[in-house]
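[1] One predicted model, sequence on top.
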Amino acid sequence: MKSLSLAALVAAFAAGPAFAHVTLETQQAAVGSTYKAVLRVPHGCKGAATTKVRVRIPEGVIAVKPMPKPGWTLETTKGKYEKAYDYYGTPTAEGVTEVSWSGGKLLDEHYDEFVLRAYLTSDLKPETTLYVPIVQECEGGAVERWIEIPAAGKSADDYKFPAPGVKLLPKK
Amino acid sequence: MSERGRVFAPGRLPAMTRQFRLILILLGLAIASLTTAGQALAHAALTKTVPADGAVVSSAPGEFSLSFSEPVSPLVLNLIGPDGTSRPLTRFTLSDRTLTIAAPSDLANGTHVLSWRVVSEDGHPVGGSVLFSVGAPSAAQPAPIVQTDPAVRIALWLGKLGLYLGLAFGIGGAAFIVWVAPLPATARRPIAGFLALGLLSVPVALAAQGLDALALPLSGALQAAVWQAATTSSFGRTVLIAALALLVALIALAQPNRSGRMLAILAWLGTGAALAASGHASAAEPQFLTRPAVFLHAVGMAGWAGALLPLAFALRPPDGAQALQRFSRRIPVLLLVILLSGAALAIVQVQHPQALLTTPYGLVLTGKLTLVTALIGLGAFNRYRLTEAVVSGRASARRLLVRIIAAEIAIIVAILAVAALWRFTPPPRAIAAAMAQPASVHIHTNKAMADISLTPGRAGPVTITVSLLDGEFGPLAAKELRLALSRPEAGIEPIERQATKQADGSWQIGDLTLPVAGRWTVELEILVSDFEMIRLKETVEIRP
């Protein structure tokens, strides 16, 4: 059983990092499938409580359905896509482009999750990372923008405000 | 879809024991979290510092404190002083999220940089810098002096002095005929000698100028590039005009008739044109004032200086009294022109009276003015005490006058020798302009372009202006702009500032003091929209 405990140790160590900025719980997903995005908000803005979470829906992600959250006002912005995407045979050229939850109060010392469901179209390229820019607004006008999208050859680690990402897998 | 669900579906591994499968599952989890750990790293954020970033404190603080959004451990703490020296800070205490650092007891007045690099719980290092000033922010240091080859400097000085002597006593001597009296025959030879000296100085002055421009030693004087550099410079114009004027004066000297007189006028005006064509004074603003002032100053100087030699010779024959009377009547006008134009130039160049004693340029001017005062004193003595006696025919007075004129000539030679020193002393105006030169950097990517200028481009307090354009030279309407300056080699982590938008659309940062010179890294964070940020990075050289 030595290898088991070793593996457990490795797993525990690797999973250990506190999630210190907004991340996605499920970090891999196949294109041409429905994806449940769980946004994990681990802290406020430099100590201030979070009052609003805004999500920019990336191009190629359609049929967005955010999950309402008690105590928060859910709003969506709709707009035209760059092109019409195929959604189970239905061409879809417009839909939700931004989702926001506001009016709540998530203290810096608390943790919460915000959920939406969306369809990852087959036009997205497998073996790339899909980045989802997030803006976190807090009390006192503070704003944290997790919106930086790494350039080719760079990783999220190279940036100060990396957008959370999900690795795209080939269509099943 | 998670890694676990996809790869380790029970149906795919029918032969595996339950236990082995568990190990695999755990291993898979471990690998999955390792590969994705990069996206879940903490970035400890600085929430508060004492002293505050950019603060000016009246007395040196005994300790510094840095508070973070989560617990951290320090990796490197450096303090960079106003003189640019860096020292590590090793005494600190950690309590909760605040790092308290003991300050050295001997903090000098001026701007310090507290550069910090810490690691937060998850192992991700972050760094930054806090600027604070004790007493007042550091002032800019005086500009360093660039040294050229001493032999070249001597050649520069000699070439210039030779030209001045040619212009003053050669051309000025030939101009005697224009405004005083016909030249005494005996004066022609020494005047021709001064003209020849001026002409001989032409190649020396040009070669030295070219060598200085290319920073070559004296041995490089035969290179074509040296001469090309000299003739294409503004001083090259001065030398060429002077050479022409000297030649014209030489011809005028040989023709004591009407056309000789015309040529003498032409040569005389040439002295003004030559000196107005280049030099610190001519290059100064406002040009409508400085160039005519230099022209008049040079013409007046040549007229006065040049008249002395012929006057001394004219005093020998009995009709010398007439020339002396005419000189005596007309010299006040010339003197007024010299003094007024000189005063105007001095005001433009020196700017502050204390610069007369505190800058090399001012000291040269002070030396020159002292000599000029002595010269004017002698001249006044001549005019008010001696002239009448000489005109009435007293031989002793005439002998004394000739001796005093010889002394005056010697003083003028000294004045010209001092004035030629200005070649090596930029005036306070030019020093101020050179120090104010901005350091600029242009960044061009396909998403955005930025023109960043740091004014002045030297260590010390700077104002940063940023102009933004999109990748196609169109306007880029940014929501916010942050700028970070760092100098990793000097142990200075990024100093961050938020820029403010100006009425003309550019962005500005005013409250920044760069502690050391060298190659700084400048990074821009341009917030284009709520969800889009462009990051640009480049280096910029900051002068000492």
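    Arrived safely, thanks for sending. Numbers count the residues shown, from 1 in each chain, chains lettered A, B, ... in the order given.
[2] what's the distance between residue B:131 and residue A:75?
    From residue B:131 across to residue A:75, the span is 41 Å (CB to CB, to the nearest Å). Every residue, glycine included, has its C-beta placed from N, CA and C.
[3] wait, residue A:131
    22 Å.
[4] quick one, which of these two is more surrounded?
    Remark: of residue A:131 and residue A:75, residue A:131 carries more neighbours, 21 against 14, as counted by other CB atoms under 10 Å in any protein chain shown.
[5] what sits against the residue lying closest to the more buried one once chain neighbours are set aside?
    Nearest residue to residue A:131, sequence neighbours excluded (CB to CB, 6 or more residues apart in numbering or on different chains): residue A:163, at 4.2 Å. By CB atoms under 8 Å, 6 or more residues apart in numbering or on different chains, residue A:163 lies in contact with A:131-134, A:146-149, A:156.
[6] now with 7 Å?
    A:131-134, A:146-149 (CB atoms under 7 Å, 6 or more residues apart in numbering or on different chains).
[7] What segments of chain A are strands?
    A:23-24, A:28-30, A:33-41, A:50-56, A:61-66, A:73-87, A:90-106, A:112-120, A:129-131, A:134-138, A:143-146, A:165-169 (DSSP state E).
[8] same question, the stretch 351-500 of chain B
    B:439-444, B:448-455, B:460-470, B:480-487, B:492-498, B:500-501 (DSSP state E, counting those that start in this stretch).
[9] Can you lay out those strands as JSON lines showing mean neighbour count and mean pLDDT?
    JSON lines is the format used below for the strands of the stretch 351-500 of chain B (neighbours: other CB atoms under 10 Å in any protein chain shown; pLDDT from 0 to 100):
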{"stretch": "strand B:439-444", "mean neighbour count": "16", "mean pLDDT": "89"}
{"stretch": "strand B:448-455", "mean neighbour count": "20", "mean pLDDT": "91"}
{"stretch": "strand B:460-470", "mean neighbour count": "19", "mean pLDDT": "90"}
{"stretch": "strand B:480-487", "mean neighbour count": "21", "mean pLDDT": "92"}
{"stretch": "strand B:492-498", "mean neighbour count": "20", "mean pLDDT": "91"}
{"stretch": "strand B:500-501", "mean neighbour count": "12", "mean pLDDT": "93"}
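[10] So which of those strands is nearest residue A:125?
    strand B:448-455 (24.8 Å; CB to CB).
[11] and that closest one, anywhere near chain A?
    No - Strand B:448-455 does not reach chain A (CB under 7 Å from any CB of the partner chain); its nearest approach is 13.0 Å.
[12] Neighbouring strands - and their directions - for that strand?
    strand B:439-444 (antiparallel), strand B:460-470 (antiparallel) (DSSP bridges).
[13] Which residues does it contact?
    With CB under 7 Å, 6+ apart, strand B:448-455 has contacts from B:436, B:438-443, B:462-471, B:476, B:522, B:524, B:526, B:534, B:536, B:540, B:542.
[14] Check stretch B:99-109 too.
    Against stretch B:99-109 from outside (CB under 7 Å, 6+ apart): B:60-66, B:72, B:74, B:77, B:79, B:81-82, B:89, B:91-93, B:134-135.
[15] just checking, which of the residues you listed belong to strands?
    Using DSSP E, those in strands are B:63-66, B:72, B:74, B:77, B:79, B:92-93, B:134.
[16] Any chance of a PyMOL selection covering the buried ones in the contacts of stretch B:99-109?
    Typed into PyMOL, the line below selects the buried ones among these, using 16 or more other CB atoms under 10 Å in any protein chain shown:
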select buried, chain B and resi 60+61+64+65+66+72+74+77+79+81+82+89+92+134+135
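[17] low-scoring stretches of the stretch 201-350 of chain B, by residue?
    Flagging of the stretch 201-350 of chain B using pLDDT under 70 yields the residue ranges B:317-319.
[18] Which single residue of it ends up nearest chain A?
    residue B:215 (42.1 Å; CB to the nearest CB).
[19] So which bits of the stretch 201-350 of chain B are right by chain A?
    Going by CB under 7 Å from any CB, none of the residues of the stretch 201-350 of chain B are near chain A.
[20] which residues in the stretch 201-350 of chain B form helices?
    Using DSSP state H, counting those that start in this stretch, the helices of the stretch 201-350 of chain B run over B:224-232, B:234-254, B:258-276, B:280-283, B:287-314, B:320-350.
[21] Distance to residue B:208 and mean neighbour count for those helices - can I get that in a markdown table?
    Below are the helices of the stretch 201-350 of chain B laid out as a markdown table (distance: least, CB to CB, whole Å; neighbours: other CB atoms under 10 Å in any protein chain shown):
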| stretch | distance to residue B:208 | mean neighbour count |
| --- | --- | --- |
| helix B:224-232 | 8 | 16 |
| helix B:234-254 | 10 | 21 |
| helix B:258-276 | 17 | 21 |
| helix B:280-283 | 17 | 19 |
| helix B:287-314 | 21 | 23 |
| helix B:320-350 | 23 | 17 |
